[in-house]
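Asker: Sequence and predicted model, in that order:
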Amino acid sequence: MSVLVIAEHDNTDLKKATLNTVTAAGKIGGDIHVLVAGSNCGAAAQAAAKVPGVSKVLVADAPHYDHELAENMAPLVVGLASGYSHILTPATTMCKNFLPRVAALLDVAQISDIIAVESADTFVRPIYAGNIFVTVQSKDPVKVVTVRTTAFDAAATEGGSASVEAVAPTAEAGLSGYVSQELTKSERPELASAPIVVSGGRALGGYDKFHEVLEPLADKLRAAIGATRAAVDAGYAPNDYQIGQTGKVIAPKLYIGIGLSGAIQHLAGMKDSKVIVAINKDEEAPIFQVADYGLVADLFNAVPELTKAL
Amino acid sequence: MKVLIAVKRVVDYNVNVRPKTDGTGPDIANVKMSMNPFDEVAVEEAVRLQEAGKATEVVVVSMGVSACQDSIRTALAMGADRGILVETDSELQPLAVAKLLKAIVDKEKPQVVLVGKQAIDDDSNQTGQMLAAILGWGQGTFISKLEVGDGQVTVVREVDGGLETDTVKLPAVITVDLRLNEPRFVKLPNIMKAKKKPLEVVKPADLGVDIAPRLAYSNFREPPKRKAGIKVASVADLVDKLKNDAKVI
């Protein structure tokens, strides 16, 4: 039995999501190999080789892997699949884009977003926006799996000494092309892995207020900023701030929800946070049912006061 | 340009779904069912392409029990031209749905297939990508903007870091995110009109597709409940609790 983990990386370093996925692979058992596909991605491959538990790193280095377009990634992974019992990726947008393509070409099912490994062929995953956990067993010869990163600790980044092996790139598919990215620039920690998250909802009332009220608090706490779908839809914050069923799933040690009601779809993305604080003037808001500490107050008074008190 | 859309009938997004007490499945007897919200966005986009003169025909497909006709009729009322129901009482998993859709695509030969990025019941986020793979087509996933050009589309995709713009050659499979558009409300006269639009019913066997599930689901259960929290009286009280009880700041 051996597991192929496909790395999420920026060509120079591994994303933390890759480290969570290596931990999930370790729970399955067997050898763990990591595929680093990218363009000038040698440094990321070296980083992967240092992760304890990884025995081999495969590097596919070619210009057409630069943005991991699904049409180019899928044939590469399919070509490598025959040696593996499992193929694992983090459940990030990059991997969710190409992995179902891999599964379909292998004619196997994909198991999305696992939160636990029960055995080599049996996993647990949330459905219905996390309202139900279900056990899933696959009888396919290769298990193709995405991993919910918040459910597994990150593997260490030092101590391993895996061999690094180049693999031949597959041909460019020529079906799609990368044009550009508009990435949100921020000095703050990454939302998906930040230890503290300050999150805002519709009650903030506008783009300016959202930032004026939340940023000083986030700065004080060195927190990432998140938002509800309603706040993103209303243009208060960019799409990559969205927490929830269809956005990011987070589990920080402290989550502070401000001016948000706590819709099922939002709770799906944050209810595994260690400590949840809710500030909302509506004491009936469902967020209070999952909050460890609830403060019924006008956010426009309470949040500046909180910022000052810290 | 012919556009094919696929819609799934799911438990309405407002319903808080619980497992059956015996753990054999979700308890969804007598709950409100609706079209998957992501698929509604796909229908709206297809209809807008038609209104803009870019789509010549919009065909809507759904799969599952006979009641899935409701979702097809909703799409027809929104403006789609005709419907196809692949009727079965058997469980359909994403790989099987992708294969059934491929059989329909082979027959209908659309230039674009538009689907929701995920269904809000099983939250798999797989079908569109799987369909693109077995068709050998390009894909644009999780999109919040679509521009149809000559022989290709330009899509803006919602990714973890922000937005990514890609081009995809036609024919292509596009999976849509919620911010692509705001689906219209269906007006009563259009519901009446939709009843007269053609709706063909086929069986998986007619399409020659093996739909046997690959995954066995069991032990549907509630996630661990969070313990009830407390209300704090003031900001000072909150800070004290976070520092001294929870010890998180």
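Answerer: Cool, the structure landed. Residues are numbered from 1 along each chain as shown, chains lettered A, B, ... in the order given.
Asker: Would you confirm that A:Ala237 contacts A:Ile225?
Answerer: Yes: assessed by Cβ atoms under 8 Å, A:Ala237 is found in contact with A:Ile225 at 7.3 Å. Using the backbone N, CA and C atoms, a C-beta is placed for each residue, glycine as well.
Asker: give the contact list for the closest residue to B:Leu135 other than its chain neighbours.
Answerer: Setting aside the residues directly before and after it, B:Leu135 is nearest to B:Lys102 in space (Cβ to Cβ, 6 or more residues apart in numbering or on different chains), at 5.8 Å. For B:Lys102, the contacting residues are B:Leu131, B:Ile134, B:Leu135, by Cβ atoms under 8 Å, 6 or more residues apart in numbering or on different chains.
Asker: Look up the residues that both of A:Ala237 and A:Ile225 are in contact with.
Answerer: With Cβ under 8 Å, 6+ apart, A:Ala237 and A:Ile225 have common neighbours A:Gly200.
Asker: helix or strand for A:Asn97, which one?
Answerer: Element membership of A:Asn97 [criterion: DSSP states H and E] is helix A:93-106.
Asker: close to chain B, is that helix?
Answerer: Yes: judged by Cβ under 8 Å from any Cβ of the partner chain, helix A:93-106 comes into contact with chain B through A:Thr93, A:Met94, A:Lys96, A:Asn97, A:Phe98, A:Leu99, A:Pro100, A:Arg101, A:Val102, A:Ala103, A:Ala104, A:Leu105.
Asker: I'd like to know which of the residues you listed are buried.
Answerer: Buried positions within the residues of helix A:93-106 next to chain B, assessed by neighbour count (16 or more other Cβ atoms under 10 Å in any protein chain shown), are A:Thr93, A:Met94, A:Lys96, A:Asn97, A:Phe98, A:Leu99, A:Pro100, A:Arg101, A:Val102, A:Ala103, A:Ala104, A:Leu105.
Asker: how about CSV for those residues, with distance to A:Val232 and pLDDT added?
Answerer: Shown next, in CSV, are those (distance: Cβ to Cβ, whole Å; pLDDT from 0 to 100):
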residue, distance to A:Val232, pLDDT
A:Thr93, 15, 97
A:Met94, 20, 97
A:Lys96, 19, 98
A:Asn97, 20, 98
A:Phe98, 25, 98
A:Leu99, 25, 98
A:Pro100, 25, 98
A:Arg101, 27, 98
A:Val102, 30, 98
A:Ala103, 30, 98
A:Ala104, 31, 98
A:Leu105, 34, 98
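Asker: Between the residues you listed, which sits nearest B:Gln118?
Answerer: Distance to B:Gln118 across those (Cβ to Cβ) is lowest for A:Lys96, with 8.9 Å.
Asker: show me the contacts for that closest one.
Answerer: A:Ser112, A:Thr146, B:Asn125, B:Thr141, B:Phe142.
Asker: Write the ChimeraX selection for whichever of these are buried.
Answerer: Entered in ChimeraX, the line below selects the buried ones among those, by 16+ other Cβ under 10 Å:
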select /A:112,146 /B:125,141,142
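Asker: so A:His211 sits in a helix?
Answerer: Yes: under DSSP: H, G, I helix; E, B strand; the rest coil, A:His211 falls within a helix.
Asker: Now the helix or strand in which A:Leu214 is found: buried residues?
Answerer: With secondary structure defined by DSSP H and E, A:Leu214 is part of helix A:207-221. By neighbour count with 16+ other Cβ under 10 Å, helix A:207-221 contains the buried residues A:Lys209, A:Phe210, A:His211, A:Val213, A:Leu214, A:Pro216, A:Leu217, A:Ala218, A:Lys220, A:Leu221.
Asker: Contacts only, for B:Trp137.
Answerer: For B:Trp137, the contact set (Cβ under 8 Å, 6+ apart) comprises A:Leu175, B:Leu131, B:Pro171, B:Ala172, B:Val173.
Asker: Of these, which is the most crowded?
Answerer: Counting neighbours by other Cβ atoms under 10 Å in any protein chain shown, the top entry in the contacts of B:Trp137 is B:Leu131, with 30 neighbours.
Asker: Correct me if wrong: that one contacts B:Leu101.
Answerer: Yes: taking contacts as Cβ under 8 Å, B:Leu131 lies within contact range of B:Leu101: 5.1 Å.
Asker: re the thing from before, show me the two of the contacts of B:Trp137 that sit farthest apart.
Answerer: A:Leu175 and B:Leu131 (13.7 Å).
Asker: model confidence over the top strand by length along chain B, on average?
Answerer: The longest strand of chain B (DSSP state E) is strand B:138-148. Throughout strand B:138-148, pLDDT has a mean value of 98.
Asker: Which parts of stretch B:17-27 count as buried, going by neighbours?
Answerer: For stretch B:17-27, the neighbour count (16+ other Cβ under 10 Å) marks B:Val17, B:Arg18, B:Pro19, B:Pro26 as buried.
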